[in-house]
Every structure is written in structure tokens, then in C-alpha cells.
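K.L.:
please find the sequence and the predicted model below.
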Amino acid sequence: MEKIRLLDLDTHELEEFVASKNLPKYRAKQIAERLTAGASFEEMTNLSKDVRAMLAECAVTGIPEVADVKRSQLDGTVKFLFEQEDGVLVESVLMKYSYGYSVCISSQAGCKMGCRFCASTGIPFSRSLSAGEILGQVIAVQKHENVRIGHIVIMGIGEPLDNYDNVVKFLRRVTADEGLNVGARKISVSTCGIVPKIYTLADEKLPVTLSVSLHNPFDSERSKIMPINKKYPLDELFEACRYYTEKTKRRITFEYALIAGVNDSKRHADELAARMKKLKLCHVNLIPVNKVSGTGFERPDRKNIERFAGLLDAQGVSVTVRRELGRDIDAACGQLRKQTAEERKAAEAAKTAGVAETVIEKPDNG
Ligand code: SAH
């Protein structure tokens with residue numbers, strides 16, 4: 001019998017589960033409180049031993065195991081590698097800002113989108129995460145670091161709009177009063193541009209911030225680095241963005257990873273500015289591209305990054321250059337999972353090749 005993941009259940013579903021086990025209704029509230037605190041069944045000491053044993057028999061919490069932690073010596077950014085019950089790996093990153101703690105979480109174990117500059121490309125897609133598994137990352141980070149998270153960005157591994165139902169269920173759970181109670185306005189959902197789902201999200205009445213990974217304002221060039229653009233080209237993407245801003249009155253953030261010699265010319269800045277001016281309610285976030293082995297992409301030097309930002313600014317476009325956190329721990333998502341997945345694969349290959357013993361070197365915990 002497959003075990004039920006308690007973090008997947010909303011209040012009503014948890015009450016039904018508790019009733020199905022012939023327990024009084026108030027047990028649901030007790031379990032929910034302890035789950036939100038990240039407790040394991042053994043740690044749910046507000047329940048009797050028998051109830052805990054029964055839960056362990058038929059359920060799992062959904063709080064992932066911490067498989068690895070890297071801590072930046074530069075700015076306190078903490079990167080987590082989490083392992084789900086079936087062994088799939090995902091990453092989350094905790095960042096400290098002047099306004100509080102923000103966590104970047106994953107929506108899938110792997111990604112099908114194939115963006116050429118991304119660390120998630122090349123490692124096979126495992127599966128989408130459930131709502132509880134997405135929520136479990138936030139809870140596990142809070143517990144591990146003993147902090148209260150105020151902001152969430154779904155910008156880790158995976159394409160959130162390719163796992164739409166679970167992501168929306170997560171958003172409803174995490175914003176609920178009886179959940180972690182994080183304001184929808186303090187949550188960003190980042191997409192490479194799955195157009196039909198942008199319309200659906202706009203109609204959800206969830207005032208989350210939409211981030212669109214743009215990276216190039218020309219169709220032919222964007223298609224070369226982001227295959228999704230062949231399916232949903234820029235005019236369709238911007239039409240969906242216009243609908244989103246109209247419906248939600250929320251400003252959209254456009255992520256633009258600057259790659260030297262690829263998308264950092266004046267021609268790119270001018271076209272980007274033209275598109276932004278048409279949309280109005282928008283902001284551009286420039287990110288010097290993170291080096292990912294095998295991609296060959298390099299970031300422009302500081303002077304060129306500033307020149308690009310200046311060109312947008314001069315045309316009245318709201319623009320920032322993203323401050324980099326956790327540079328010493330490769331904090332950009334996907335990289336730790338990639339490394340661990342490759343190490344595990346190598347160990348597996350060595351095993352099947354009949355090598356008696358393999359030493360897996362763990363990444364340095366910094
Ligand atoms: N699939 C979603 C969210 C995950 S990627 C999306 O595409 O938005 C999170 C962000 O990191 C996206 O903006 C993505 O384009 C960007 N990104 C991926 N690899 C990067 C790299 N090597 N350097 C800089 N940004 C990168």
C-alpha cells in the first residue's frame with residue numbers, strides 16, 4: 001500500500017484522513033501544527049505513541065531529508081539539497097535580504113524545457129513534485145535554520161507552469177492562515193513562457209508576482225537558447241503578459257540573463273526596451289549569466305552590464321542588476337543536484353562494471 005503524504009492534504013482532507021482512522025477531529029489540527037513546524041512523527045509528542053505508530057505505518061510527513069547543505073562565507077546564503085522519499089533530489093536556497101528571509105524552491109525534480117544555459121538541462125527529468133513536496137522545502141528550510149521565511153520564489157529546479165495544478169495547490173496552502181501564512185504578494189512564480197498557463201494563472205485570483213524568463217527579445221535568437229519559444233513565440237507571450245497585468249494589476253518581472261556576445265548588444269537593449277514600453281507594468285531584472293559547465297556561455301564584463309542597464313534606463317524602463325548571493329557555493333539552482341546526480345550515476349556505473357568499491361566524494365560543505 002502506498003503511504004499517504006500528509007503535507008499534500010489541505011485542512012479538510014486532513015480531517016477526512018483523521019476520521020478514516022477513527023480519531024477525533026481535533027487530532028487533525030494537532031497534526032497540522034506539528035507538520036507546519038517540520039516535525040517528524042517521532043517529534044509529534046502532542047500525539048500518543050499509538051497514534052504516532054499508526055501514522056508511521058500508513059503515512060509519511062512529506063518533509064524532505066536534508067542530503068547536503070552548503071553555506072556561503074560571503075553573505076550567509078544557504079543552499080540545500082533535499083531528498084524525497086523515493087530518492088529524487090531537489091534544491092532550495094535560503095537568502096537573507098534587508099527585508100528578511102527569502103527562499104528559492106524547486107517545483108520539479110529536473111526540467112523538460114531544455115534552456116541551453118541552464119544547469120538542469122542534461123540531467124534526466126525525474127518527476128514533478130506534489131504540492132506537499134513543494135511546501136516541504138519551505139518548512140524544512142525554516143526548521144533547519146530556525147528562521148521565519150517572508151518571501152518565496154519558485155525559481156529553483158523545474159518549470160512551475162509545467163506542474164500547474166500542484167503549484168497552484170501549493171500557493172493556496174502556503175498563503176492560507178492555517179498554513180505558513182505567507183502573503184501572495186511576497187511570492188514569485190517564474191516561467192520560461194508556457195502561454196496558456198499564464199492565462200489560467202491570471203484567472204486564479206492569486207496576486208502572486210509573475211516572473212518571465214525572457215533572455216532575448218528576438219524570436220529567432222530566443223528559439224536557439226530556449227526551445228519553448230518555438231511553441232510560444234514572443235508576440236503570443238507578450239499578449240499573455242498583457243492579459244496577466246490587466247487582470248491582476250501586478251507588475252511582471254522579466255528575467256534577462258546577460259550572456260557575452262549573445263544577447264548583450266545595443267540592438268538587444270533597444271528591442272527589449274520597445275517591448276517593455278508597450279507592456280508598461282513591468283520591470284527588467286538583469287542577471288549576469290552563471291557559468292554552467294558545458295554551455296560555453298560567459299557573462300559580459302561589469303562595464304558592459306552597466307552599459308546595457310543604462311540603455312534600458314535611458315528609455316524609461318524600470319531595471320535592476322541582480323545582486324549576486326552565494327557566489328562561493330554556486331548558489332544558482334540545479335548545480336548541486338547535477339553534481340550529485342552525476343556522482344551517483346558514476347557510482348552506479350562502477351557498480352555494474354564490477355568495481356568492488358567506489359568512493360563518492362561529497363561536495364564540500366563550505
Ligand atoms: N523554469 C522556470 C524557473 C526555473 S529557472 C523559468 O524558466 O523561469 C530560474 C531562473 O534562472 C530563470 O530565469 C532561468 O532562465 C534562470 N537561469 C537558468 N540558468 C541560468 C544561468 N546559467 N545563469 C543565469 N540565470 C539562469
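P.N.:
Perfect, thanks for sending it.

K.L.:
any idea how far whichever residue of the stretch 1-150 of the chain sits closest to the ligand is from Ala257?
P.N.:
Per CB to the nearest ligand atom, the residue of the stretch 1-150 of the chain with the smallest distance to the ligand is Cys118, at 3.7 Å. For every residue, glycine as well, the C-beta is placed using N, CA and C. Computed as CB to CB, to the nearest Å, the Cys118 to Ala257 distance reads 9 Å.

K.L.:
just checking, Asn304 touches Ser265?
P.N.:
No: with contact defined as CB atoms under 8 Å, Asn304 does not count as touching Ser265 (9.4 Å).

K.L.:
does the residue of the stretch 1-150 of the chain closest to the ligand sit in a helix, a strand or a coil?
P.N.:
coil (DSSP: H, G, I helix; E, B strand; the rest coil).

K.L.:
mind listing what's buried in the biggest strand by length in the chain?
P.N.:
When the chain is parsed with DSSP state E, its longest strand is strand 89-97. Across strand 89-97, burial judged by 16 or more other CB atoms under 10 Å covers 89-96.

K.L.:
ok, and of the residues you listed, which contact the ligand?
P.N.:
Applying CB under 6 Å from any ligand atom, the subset of the buried residues of strand 89-97 adjacent to the ligand is empty.

K.L.:
who are the packing partners of the helix or strand encompassing Ile31?
P.N.:
Here Ile31 sits within helix 26-36, counting by DSSP states H and E. Counting contacts by 3 or more CB pairs under 8 Å, 6 or more residues apart in numbering; DSSP states H and E, helix 26-36 packs against helix 11-20.

K.L.:
what lies in contact with the helix it packs on?
P.N.:
Contact with helix 11-20 is made by 4, 6, 9, 24-25, 27-28, 31-32, 59, 176, 178, as judged by CB atoms under 8 Å, 6 or more residues apart in numbering.

K.L.:
save those residues as CSV, and put in pLDDT too.
P.N.:
Shown next, in CSV, are these (pLDDT from 0 to 100):
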residue, pLDDT
Ile4, 96
Leu6, 97
Leu9, 95
Pro24, 95
Lys25, 94
Arg27, 95
Ala28, 96
Ile31, 96
Ala32, 95
Ala59, 97
Ala176, 90
Glu178, 81
